[in-house]
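Participant: Build the 3D model from these lines:
(one chain, ligands or ions: 1)
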Amino acid sequence: MLRYLIGGESHGPALTGIIEGFPANVGIDINEINRDLARRQHGHGRGGRMKIETDKVRFLSGLRGGKTLGSPITFLIENKDYENWSDYMDPCQVDRETKKVTAPRPGHADLAGSIKYNFDDIRNVLERSSARETATRVAIGGIIRQFLKNFGITAACHVIHIGGISSNARVPSADDLKKAELSPVRVADSAAEKQIIELIDRTREDGDSLGGVFEIVITGVPVGLGSYVQWDRKLDARLAYALQSIQGIKGVAFGRGFDCACQKGSEVQDEIYYSQEKGYYRRTNNAGGIEGGMSNGQTIVIRCAMKPIPTLYKPLQTVDIRTKQPCTATVERSDICAVPAAAVVGEAVALTVIGEELLRKLGGDSMEEVRLRWKQWQSR
Ligand SMILES: Cc1cc2nc3c(=O)[nH]c(=O)nc-3n(C[C@H](O)[C@H](O)[C@H](O)COP(=O)(O)O)c2cc1C
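Facilitator: Next up is the predicted model:
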């Protein structure tokens, strides 16, 4: 079984990850992982931090000459900003006062986290609750992506709307997804892209922030990942759990999602057909590729809603945890809108779940073994 753990503080020396249960002899191109990390960093609306960092993965174990060994894969991504923070974030010795945070930001982990862990300094919370850690999840997704490519499974993402301005590419074609990849806000529709960029700029001037919705599209997933037999083996449940764990994600929907609650059964269910060449097939994909907790062979389509960023340059009202007096919330360098970046994180996280489920279904200690089992399964 594939499993992983991640660590690292936002301004600490590095972010780290460890993956266990990954088969041997899988070719891994480090440049492709770094390309995914760069995709996460881009996007109109991101803050100053992303100008400092150029995320690059450094492997410490589990690979030899670009091929996996079947042993734990450990890696790190250095925080370049650490050189400006070493006096306050050194793991062994720090100046505890200079960067102390006592004004919790509404909407962030600050207040609940400091009460839960009994901290008088919210920095201890925000350093880990920050979405900086999503770089490690993108690196892991990048490794899994290369494994899944061997079976023709690929993923892409695009932004559906930001701050209420919608893209008209609601059922995206391959061309739309390519366009979105080149867009600074990951939107395939150029008219909406322009309006969204303007809205982000205006919102920045107002000291406010924005959220939105993105979509993940995963093609080539075979029938039968996940299972209906136990609640925690359902593929949609596992994907929703993982995606909901991304900072700021407040809703996850499959296929038509919430819309289908307003429609009739005959409008929503995807009718089944059969032909010699295609086997079983559908003419619609309202279910978004998952039925009964299992992939049904159609494209998996997932939407995620992200709330607006909680750190505001025009800060909201809060209470100082030291004095209990009213004050304005801490302003830590921040994004105005991170929906395009969150889409890349979502894509990586979803791919990771698909990789876990493929290995759970097929098993295998080496790439050769997994391939053999894949062929047997496909022939059936
Ligand atoms: C890619 C990405 C970047 C983010 N950037 C920021 C940021 O710069 N400032 C901020 O306050 N929140 C940012 N967030 C959102 C917060 O981390 C998140 O709202 C916070 O951890 C509280 O978690 P919750 O919203 O899931 O309850 C970002 C989220 C993602 C996915």
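Participant: In space, what's closest to residue 102 - neighbours in sequence excluded?
Facilitator: residue 322 (4.7 Å; Cβ to Cβ, 6 or more residues apart in numbering). Where C-beta positions appear, they are placed from N, C-alpha and C, glycine not excepted.
Participant: okay, now the one you found: neighbour count?
Facilitator: 12 (other Cβ atoms under 10 Å).
Participant: From here on, call the first residue 558.
Facilitator: Done: numbering now begins at 558, and the last item shifts to residue 879.
Participant: any idea how far it is from the ligand?
Facilitator: 21 Å (Cβ to the nearest ligand atom, to the nearest Å).
Participant: quick one, phi/psi of that residue?
Facilitator: phi -80, psi -50 (degrees, to the nearest 10).
Participant: quick one, helices of this protein?
Facilitator: 587-598, 606-609, 639-646, 667-673, 680-686, 691-706, 731-739, 747-762, 792-801, 822-825, 896-919, 924-936 (DSSP state H).
Participant: List the buried residues for the fourth one?
Facilitator: In other words, helix 667-673. For helix 667-673, the neighbour count (16 or more other Cβ atoms under 10 Å) marks 667, 668, 670, 671 as buried.
Participant: can you redo those as JSON lines with distance to the ligand and pLDDT?
Facilitator: Listed next are the buried residues of helix 667-673 as JSON lines, based on distance: Cβ to the nearest ligand atom, whole Å; pLDDT from 0 to 100:
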{"residue": "667", "distance to the ligand": "9", "pLDDT": "98"}
{"residue": "668", "distance to the ligand": "11", "pLDDT": "98"}
{"residue": "670", "distance to the ligand": "9", "pLDDT": "98"}
{"residue": "671", "distance to the ligand": "14", "pLDDT": "98"}
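Participant: List the contacts of residue 625.
Facilitator: Contact analysis of residue 625 by Cβ atoms under 8 Å, 6 or more residues apart in numbering lists 579, 580, 581, 582, 583, 585, 619, 924.
Participant: Of the residues you listed, which is the nearest to residue 605?
Facilitator: Distance to residue 605, by Cβ to Cβ, is smallest for residue 585 among the contacts of residue 625, at 31.8 Å.
Participant: Can you tell me how far that closest one is from the ligand?
Facilitator: Using Cβ to the nearest ligand atom, which is the criterion applied here, residue 585 is 24 Å from the ligand.
Participant: Give me the neighbour count for that residue.
Facilitator: Taking other Cβ under 10 Å as the neighbour definition, residue 585 ends up with a count of 19.
Participant: for residue 566, same thing?
Facilitator: Every residue meeting other Cβ under 10 Å relative to residue 566 is counted, giving 21.
Participant: Touching, it and residue 684? I think so.
Facilitator: Yes: between residue 566 and residue 684 there is a contact under Cβ atoms under 8 Å: 3.9 Å.
Participant: before we move on, the earlier item: including distance to residue 874, could the buried residues of helix 667-673 go into JSON lines?
Facilitator: Listed next are those as JSON lines, based on distance: Cβ to Cβ, whole Å:
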{"residue": "667", "distance to residue 874": "14"}
{"residue": "668", "distance to residue 874": "13"}
{"residue": "670", "distance to residue 874": "19"}
{"residue": "671", "distance to residue 874": "18"}
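Participant: Check those and tell me the two furthest apart.
Facilitator: Largest pairwise distance in these, by Cβ to Cβ, is 7.2 Å, between 668 and 670.
Participant: Which neighbours do those two have in common?
Facilitator: Any residue near both residue 668 and residue 670 by Cβ under 8 Å, 6+ apart counts here, and that gives residue 679.
Participant: least reliable of the helices of the chain going by mean pLDDT?
Facilitator: For those, mean pLDDT drops lowest on helix 606-609, to a mean of 75.
Participant: contacting residues for residue 807?
Facilitator: 862, 863, 864.
Participant: let's see 6 Å
Facilitator: Counting by Cβ atoms under 6 Å, 6 or more residues apart in numbering, residue 807 touches 862, 864.
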